[in-house]
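Asks: sequence plus predicted model, see below.
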Amino acid sequence: MINSANVNRDFKALLQRVSLRMIHFHGLRHSYASLLLDQGMDLVVIKELLGHAHISITVDTYAYVRLRLQCEVIERMAGALDDHPET
């Protein structure tokens with residue numbers, strides 16, 4: 001069985017060795033999910049990959065990413081409409 005204390009210690013040492021800022025190992029899980037959302041992956045698939053029991057956990061945890069993506073889509077749409085003036 002993997003000991004979480006060993007994983008965290010080794011991860012911290014790795015970050016120091018390659019001069020990266022300190023993050024918690026668990027932060028990689030959040031980065032993974034956020035990147036999947038950025039790529040347009042369906043929330044149900046992300047829920048399954050993360051092992052969440054309920055979709056509400058995934059939605060609540062990553063709502064900030066979804067809001068950012070929604071804002072980006074709205075800005076793109078506004079830009080597209082601005083690029084095509086009425087005739």
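Replies: It's in.
Asks: C-alpha from now on. contacts and neighbour counts both.
Replies: Fine.
Asks: checking the spatially most central residue of the chain next. Helix, strand or coil?
Replies: Nearest residue to the geometric centre of the chain (C-alpha atoms, centre = their mean): residue 34, 0.9 Å. At residue 34 the chain is in helix, as set by DSSP: H, G, I helix; E, B strand; the rest coil.
Asks: tell me who's in contact with it.
Replies: Going by C-alpha atoms under 8 Å, 6 or more residues apart in numbering, residue 34 touches 62, 65.
Asks: name the helix or strand for residue 57, please.
Replies: Assessed by DSSP states H and E, residue 57 sits inside helix 55-61.
Asks: CA-only coordinates of that helix in PDB, if you can.
Replies: Extracted in PDB, the C-alpha atoms of helix 55-61 (Å, rounded to 0.1, in the frame of the first residue of the first chain):
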ATOM      1  CA  ILE A  55     -22.200  14.800 -10.000                       C
ATOM      2  CA  SER A  56     -23.100  17.600  -7.500                       C
ATOM      3  CA  ILE A  57     -19.700  17.200  -5.900                       C
ATOM      4  CA  THR A  58     -18.000  17.700  -9.300                       C
ATOM      5  CA  VAL A  59     -20.200  20.600 -10.200                       C
ATOM      6  CA  ASP A  60     -19.800  22.400  -6.900                       C
ATOM      7  CA  THR A  61     -16.000  21.800  -6.800                       C
END
